[in-house]
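Asker: Got a predicted structure plus its sequence, pasted below:
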Amino acid sequence: MTKKRVLSCIQPTGEMHIGNYFGAVKNWVRIQEQFDCFYGVVDLHAMTMPYNPKVLKENTLRMVAELLACGIDPNKAILFIQSLVPEHCELTWVFNCMASYGELSRMTQFKDKSEQVDSGNKFISAGLFTYPVLQAADILIYKADFVPVGKDQIQHLELSRNVAVRFNNQFGEYFPEPKPLLTDVQKLTSLSDPTKKMSKSLGEKHYVGLFEDEASIRKKVKTAVTDTGETQGTQMSPGVENLFNIIKASEKEAEYNRLLDDYKSESLRYKDLKDTTADVLVELTTPFRQKREELMKDKTYLEKLSRELSEKAREEARKTMEGVRKLTGLPAH
């Protein structure tokens with residue numbers, strides 16, 4: 001029986017944090033046994049915002065190492081670098097002619113990211129406006145059946161599905177409509193401002209890196225915002241709930257239940273909650289950090305592996321583009 005195909009991608013915009021891991025990568029590792037998985041490091045997407053070329057190159061290779069360190073198995077999944085598969089860009093142009101200006105102008109990602117551009121620099125690239133089309137090409141060029149998303153991210157697939165339907169209606173049935181592969185993940189928030197989502201863009205004190213050293217992790221958790229005074233009633237403060245969510249996401253059920261009992265009996269000490277959270281994170285991250293350090297010692301091997309896996313992805317992308325060229329009236333290569 002042929003496995004269903006899954007596509008998911010991550011931008012190489014600096015070190016991965018625990019929100020990225022629990023929200024996506026942990027699930028990627030789990031489902032590579034079940035599906036035909038394509039995982040992309042999307043360096044072209046990282047170019048939509050101001051960036052340093054040298055840093056982008058370094059971040060891309062390090063992201064490959066981090067995904068391997070987390071458990072992505074190159075014998076079970078294809079881990080590719082987006083820019084090494086130029087067919088993504090070729091299909092993007094075709095899809096640019098299938099997507100409407102109105103659709104792209106309604107994308108919340110464009111509004112959010114354009115606001116992040118330095119106020120002193122009014123330049124906002126067209127790439128930032130049209131990158132959802134590249135995102136659609138990322139998915140459809142591999143004819144993915146599913147894209148892993150949380151319930152709040154289903155709208156991200158809307159454009160891909162619309163483009164697939166339009167293409168099929170105009171040129172004949174060719175692309176499957178990608179469906180969301182819903183994942184139940186704990187939503188982690190900033191350690192310093194638990195009313196906001198955990199994000200690197202907020203600053204170092206707001207997130208825990210998946211490859212941070214033990215001392216740094218313990219310091220961040222120790223200073224994490226909980227609330228003031230004793231815990232009262234059944235409603236957790238956002239900061240306390242966030243620390244509980246980290247323990248739960250780390251699958252430490254005994255520790256979670258013990259602390260929850262303390263909370264319910266109003267005997268929970270924040271120091272105990274923070275110490276346990278730090279212990280859990282150190283236990284989780286130490287093997288990842290050691291594995292990444294080992295991989296990064298041999299960058300030649302990493303580059304070779306990245307090119308080999310990207311070539312496998314490109315073989316699939318070429319097949320798709322052959323059909324697209326034939327259907328749309330473009331000459332064959």
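Answerer: Structure's in. What do you need? Numbering: from 1, shown residues only.
Asker: For the chain, which residues score under the pLDDT cut-off?
Answerer: Where the chain drops to pLDDT under 70, the residues are 1, 109-122, 151-153, 155-156, 185, 228-234.
Asker: got the residue ranges for the strands in it?
Answerer: For the chain, strands defined by DSSP state E occupy the ranges 5-10, 36-41, 77-81, 146-149, 179-182.
Asker: Spit out the contact partners of the closest residue to residue 16 other than its chain neighbours.
Answerer: Leaving aside its chain neighbours, residue 16 sits nearest to residue 210 (4.7 Å; criterion: C-beta to C-beta, 6 or more residues apart in numbering). C-betas here are computed from N, CA, C, even on glycine. Taking C-beta atoms under 8 Å, 6 or more residues apart in numbering, we find residue 210 in contact with 15, 16, 17, 18, 20, 21, 66, 70, 285, 288.
Asker: any idea how far residue 281 is from residue 210?
Answerer: 9 Å (C-beta to C-beta, to the nearest Å).
Asker: Now do the shared contacts for these two.
Answerer: residue 18.
Asker: Quick one: residues contacting residue 311.
Answerer: Contacts for residue 311 were tallied using C-beta under 8 Å, 6+ apart; they are residue 84.
Asker: For residue 282, which non-adjacent residue is closest in space?
Answerer: residue 214 (5.0 Å).
Asker: how near is the one you found to residue 330?
Answerer: According to C-beta to C-beta, residue 214 and residue 330 sit 55 Å apart.
Asker: next one: residue 26
Answerer: 41 Å.
Asker: Tell me which of the two has more neighbours.
Answerer: residue 26 (19 against 12; other C-beta atoms under 10 Å).
Asker: Spit out the contact partners of that one.
Answerer: residue 70.
Asker: Does residue 187 touch residue 246 like I think?
Answerer: No. Between residue 187 and residue 246 there is no contact under C-beta atoms under 8 Å: 10.9 Å.
Asker: Report how many residues lie close to residue 50.
Answerer: Per other C-beta under 10 Å, the neighbour tally for residue 50 reads 11.
Asker: Next: residue 184.
Answerer: Residues lying near residue 184 (other C-beta under 10 Å) number 7.
Asker: same check, this time on residue 126
Answerer: Here the number of neighbours of residue 126 (other C-beta under 10 Å) works out to 8.
Asker: Please report the distance of it from residue 135.
Answerer: 15 Å.
Asker: just checking, the residue nearest to residue 282 touches residue 290?
Answerer: No. Residue 214 is beyond contact range of residue 290, at 11.7 Å (criterion: C-beta under 8 Å).
Asker: For the closest residue to residue 246 other than its chain neighbours, give me its contacts.
Answerer: Of all residues beyond its chain neighbours, the one nearest residue 246 is residue 277 (5.4 Å), with distances taken as C-beta to C-beta, 6+ apart. Residue 277 is in contact with 221, 224, 243, 246, 247, counting by C-beta under 8 Å, 6+ apart.
Asker: Spatially, which two of the residues you listed are the most separated?
Answerer: By the measure C-beta to C-beta, 224 and 247 form the most distant pair in the contacts of residue 277, at 12.6 Å.
Asker: Looks like residue 40 contacts residue 6 (just checking).
Answerer: No. Judged on C-beta under 8 Å, residue 40 makes no contact with residue 6 at a distance of 11.4 Å.
Asker: which residues of the stretch 1-150 of the chain fall in helices?
Answerer: Applying DSSP state H, counting those that start in this stretch to the stretch 1-150 of the chain gives helices spanning 18-20, 26-31, 53-70, 87-96, 101-105, 108-116, 126-140.
Asker: Redo those helices as CSV? Include distance to residue 198.
Answerer: CSV is the format used below for these (distance: least, C-beta to C-beta, whole Å):
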stretch, distance to residue 198
helix 18-20, 4
helix 26-31, 15
helix 53-70, 17
helix 87-96, 29
helix 101-105, 28
helix 108-116, 16
helix 126-140, 22
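Asker: Give me the buried stretch members for stretch 88-104, please.
Answerer: For stretch 88-104, burial by neighbour count (16 or more other C-beta atoms under 10 Å) applies to 88, 90, 91, 92, 94, 95, 98, 99, 104.
Asker: now for the residues you listed, which pair is the farthest apart?
Answerer: 90 and 104 (19.3 Å).
Asker: got a list of what residue 295 touches?
Answerer: Contacts of residue 295 (C-beta under 8 Å, 6+ apart): 65, 68, 69, 301, 302.
Asker: Kindly write the ChimeraX command that selects the buried subset of the residues you listed.
Answerer: A single ChimeraX command selects the buried members of the contacts of residue 295 (16+ other C-beta under 10 Å):
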select :65,68,69,302
